[in-house]
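Undergrad: the sequence and its predicted three-dimensional model are supplied below.
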Amino acid sequence: MTTLAIVDGQVLRPDGTVEYADVLVDQDDGTILDIGDDYRSAATAVLEADGCLVAPGFVNGHTHVSMSLLRGYADDKPLQAWLQEDIWPVEAALTPEDIRVGAELGILEFIKAGVTAFADMYFEMPEIAAVVEEAGVRARLGHGIVTVGKDDDAAYADAEEGLEVALDLDGAAEGRISTAFMPHSLTTVSEDVLAAFVPKAREADIPIHYHANENREEVDPIVDEHGMRPLEYAAGRGLLEDGDFLAHGVHLDEREIELLAETDASVIHCPASNMKLASGMAPVQDLLDAGVTVGLGTDGAASNNDLSMLDEARDAAMLGKLAADDASAVSAESVVHALTAGSADALGLESGRLEVGAPADFAVVDLDAPHLTPVHDPVSHLTYAATASDVRHTICDGQVLMCDREVLTLDESAICDRASEQAAALLERAGAE
Ligand SMILES: N[C@@H](CCSC[C@H]1O[C@@H](n2cnc3c(=O)[nH]cnc32)[C@H](O)[C@@H]1O)C(=O)O
Ligand SMILES: [Zn+2]
């Protein structure tokens, strides 16, 4: 057996407490063998974590990773105008190669920020899957289905692709890839297509992921057309079951929160995207009080504009307090839970908790820095003060993906050079400035 010991750090346990311990990892099966005293001499390889917090790898519950190429391209607009005027026209010119390069850039940023797993909705998913495999992270992937503006043939073909991609990629990358059926949103996919395809996804036991209740313009048309709230509509179309997870959930009423709790569907909260597009403030504390599983996501880099989950954690805590008008709402501890176990649970991953037998996915955060001094409470630091560049090592499935800030599975400088060129060529091709 090949083993790895992460030594001399403080380990964040599932109950939110922290203890000085070494973590022993079975690299052959990618799980945690033990958390205990002094494994330095027992292990095949050693990773130094002196002065560090050994946390579960962060899980980005909702993103469009290849949108990294559109970072900073279109800012300062609300959702519908931003999508229709700026993003969709450029996305129409995307090639599979763009999507691969964008995924390389985004996943590189993930690894540098301690993110070991993510859920992605986009096009050309085999390209993204190939990068996930090479980079060594985990992902739940799905082809984003849009039917508005398409004739029936094109709409059904898009949904068929969504189903096929979910069936084909499930279990890829030695099981690090799982999939979901991903209708883009309740307003951009027709009722007919949902009726035809949701039962097929259920038959294949594939969970469903979509954008919901992101801003008022996403809620009002459903209320006007169907006379019910969006999540009532979703539940009626079989889109709200245990294992399903929706992005945003900003504008939710009490009945919708109850529905989420009753069905065990999860919400991925994307505070930076919600603030940037002025979508609104999600009722995160109300969701937590109702027992709903809440994870965190960055959404795409074009509405964030980075992919740092530690920034997302801080934003979630800040915005959650403002939304609840209560400084005790959305505590540091609940945010760290959402960042790790919450997102992992939403995505149906075993990760997110450091305990014996769990997947060996870690973000090792260096606390030895002026902005993290003194350390009264590492959980507080993770939520409020640490940033992506404080992550020292990233480990996924027992493999070291980044050691002392050097990414081992991807070529950082080549990817950054390539991404800049690819993004410029994309905008030129799309006829954008
Ligand atoms: N096959 C679809 C692609 C959908 S992928 C997912 C889509 O979500 C878009 N997107 C990114 N961020 C958001 C958001 O915050 N809300 C809604 N859609 C978003 C993204 O630009 C992308 O077009 C098609 O034919 O258009
Ligand atoms: Zn999104």
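TA: Cool, the structure landed. Numbering: from 1, shown residues only. Ligands and ions are numbered 1, 2, ... in the order given.
Undergrad: for the rest of this, base every contact and every neighbour count on C-alpha atoms.
TA: Noted.
Undergrad: residue 145 against residue 187, yeah?
TA: No - between residue 145 and residue 187 there is no contact under C-alpha atoms under 8 Å: 11.5 Å.
Undergrad: who's more crowded, those two?
TA: A count of neighbours by other C-alpha atoms under 10 Å puts residue 145 above the other of residue 145 and residue 187, at 27 against 21.
Undergrad: the residue most central in space within the chain: what secondary structure?
TA: Central residue of the chain (C-alpha atoms, centre = their mean): residue 60, 2.1 Å from the mean position. Here residue 60 is recorded as strand under DSSP: H, G, I helix; E, B strand; the rest coil.
Undergrad: any idea what it is bridged to?
TA: When assigned by DSSP bridges, residue 60 has beta-bridge partners residue 118.
Undergrad: confidence score at it?
TA: Note on residue 60: pLDDT of 99.
Undergrad: ok, now which ones touch it?
TA: Contacts for residue 60 (C-alpha atoms under 8 Å, 6 or more residues apart in numbering) come out as 115, 117-119, 295-298, 309, 339, 343.
Undergrad: now do residue 424
TA: Shown in contact with residue 424 (C-alpha under 8 Å, 6+ apart): no residues.
Undergrad: for the helix or strand hosting it, give the mean pLDDT please.
TA: In this structure, residue 424 is located in helix 412-429 according to DSSP states H and E. For helix 412-429, mean pLDDT is 97.
Undergrad: now stretch 269-281
TA: 98.
Undergrad: in that stretch, what counts as buried?
TA: Within stretch 269-281, the residues that count as buried by 16 or more other C-alpha atoms under 10 Å are 269-274, 276-277, 279-281.
Undergrad: between these, which is nearest residue 401?
TA: residue 270 (25.5 Å; C-alpha to C-alpha).
Undergrad: might you report the residue contacts of the residue nearest to the closest one when sequence neighbours are not counted?
TA: Excluding the flanking residues, the one nearest residue 270 by C-alpha to C-alpha, 6 or more residues apart in numbering is residue 297, at 4.9 Å. Counting by C-alpha under 8 Å, 6+ apart, residue 297 touches 59-63, 268-271, 309, 312.
Undergrad: between those residues, which sits nearest ligand 1?
TA: Among the contacts of residue 297, residue 63 lies closest to ligand 1 (C-alpha to the nearest ligand atom), at 7.5 Å.
Undergrad: mind checking how far the closest one is from residue 300?
TA: Note on residue 63: its distance to residue 300, by C-alpha to C-alpha, to the nearest Å, is 5 Å.
Undergrad: that older thread, can you lay out the contacts of residue 297 as JSON lines showing distance to ligand 1?
TA: Putting the contacts of residue 297 into JSON lines (distance: C-alpha to the nearest ligand atom, whole Å) gives the following:
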{"residue": "59", "distance to ligand 1": "18"}
{"residue": "60", "distance to ligand 1": "14"}
{"residue": "61", "distance to ligand 1": "13"}
{"residue": "62", "distance to ligand 1": "9"}
{"residue": "63", "distance to ligand 1": "8"}
{"residue": "268", "distance to ligand 1": "12"}
{"residue": "269", "distance to ligand 1": "11"}
{"residue": "270", "distance to ligand 1": "9"}
{"residue": "271", "distance to ligand 1": "11"}
{"residue": "309", "distance to ligand 1": "16"}
{"residue": "312", "distance to ligand 1": "14"}
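Undergrad: any chance of CSV for the residues you listed, columns distance to residue 124?
TA: Converted to CSV, the contacts of residue 297 look like this (distance: C-alpha to C-alpha, whole Å):
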residue, distance to residue 124
59, 22
60, 20
61, 19
62, 17
63, 15
268, 23
269, 25
270, 23
271, 27
309, 24
312, 27
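Undergrad: can you pick out the most distant pair from those residues?
TA: Across these, no pair lies farther apart than 59 and 271, at 14.9 Å, counting by C-alpha to C-alpha.
Undergrad: residue 174: neighbour count?
TA: Neighbours around residue 174, by other C-alpha under 10 Å: 9.
Undergrad: so residue 385 makes contact with residue 374?
TA: No - in this structure residue 385 lies outside contact range of residue 374 using C-alpha under 8 Å: 11.3 Å.
Undergrad: which one's more surrounded, those two?
TA: residue 385 (18 against 12).
Undergrad: pull up the residues of the protein that are close to ligand 1.
TA: 87-88, 121-123, 144-146, 184, 299-300 (C-alpha under 6 Å from any ligand atom).
Undergrad: only whichever of these are buried, select them in PyMOL.
TA: Buried residues among the residues of the chain next to ligand 1 (16+ other C-alpha under 10 Å), as a PyMOL selection:
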select buried, resi 87+121+122+123+144+145+146+184+299+300
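Undergrad: would you mind writing the CA trace of the helix holding residue 424 as CSV?
TA: Provided in CSV are the C-alpha atoms of helix 412-429 (Å, rounded to 0.1, in the frame of the first residue of the first chain):
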residue,chain,number,x,y,z
GLU,A,412,0.3,26.8,-15.0
SER,A,413,2.2,29.2,-17.2
ALA,A,414,1.4,27.4,-20.4
ILE,A,415,-2.3,27.4,-19.6
CYS,A,416,-2.4,31.1,-18.7
ASP,A,417,-0.6,32.0,-21.9
ARG,A,418,-2.9,29.8,-24.0
ALA,A,419,-6.1,31.0,-22.3
SER,A,420,-5.3,34.7,-23.0
GLU,A,421,-4.7,33.9,-26.7
GLN,A,422,-7.7,31.7,-27.0
ALA,A,423,-10.0,34.3,-25.3
ALA,A,424,-8.8,37.1,-27.7
ALA,A,425,-9.4,34.9,-30.7
LEU,A,426,-12.8,33.9,-29.5
LEU,A,427,-14.0,37.5,-29.1
GLU,A,428,-12.6,38.4,-32.5
ARG,A,429,-14.5,35.4,-34.1
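Undergrad: can you pull the buried residues of it?
TA: The neighbour-count check on helix 412-429 (16+ other C-alpha under 10 Å) flags 412, 415-416, 419, 422-423, 426-427 as buried.
Undergrad: tally of neighbours for the closest residue to residue 410 other than its chain neighbours?
TA: Among residues not flanking residue 410 along the chain, residue 135 sits closest, at 6.1 Å (C-alpha to C-alpha, 6+ apart). When counting by other C-alpha under 10 Å, one arrives at 21 neighbours for residue 135.
Undergrad: state the distance from residue 135 to ligand 1.
TA: Residue 135 is 22 Å from ligand 1, where distance means C-alpha to the nearest ligand atom, to the nearest Å.
Undergrad: pretty sure that residue is touching residue 401, no?
TA: Yes - under the criterion of C-alpha under 8 Å, residue 135 makes contact with residue 401 at 7.4 Å.
Undergrad: understood, closing this out.
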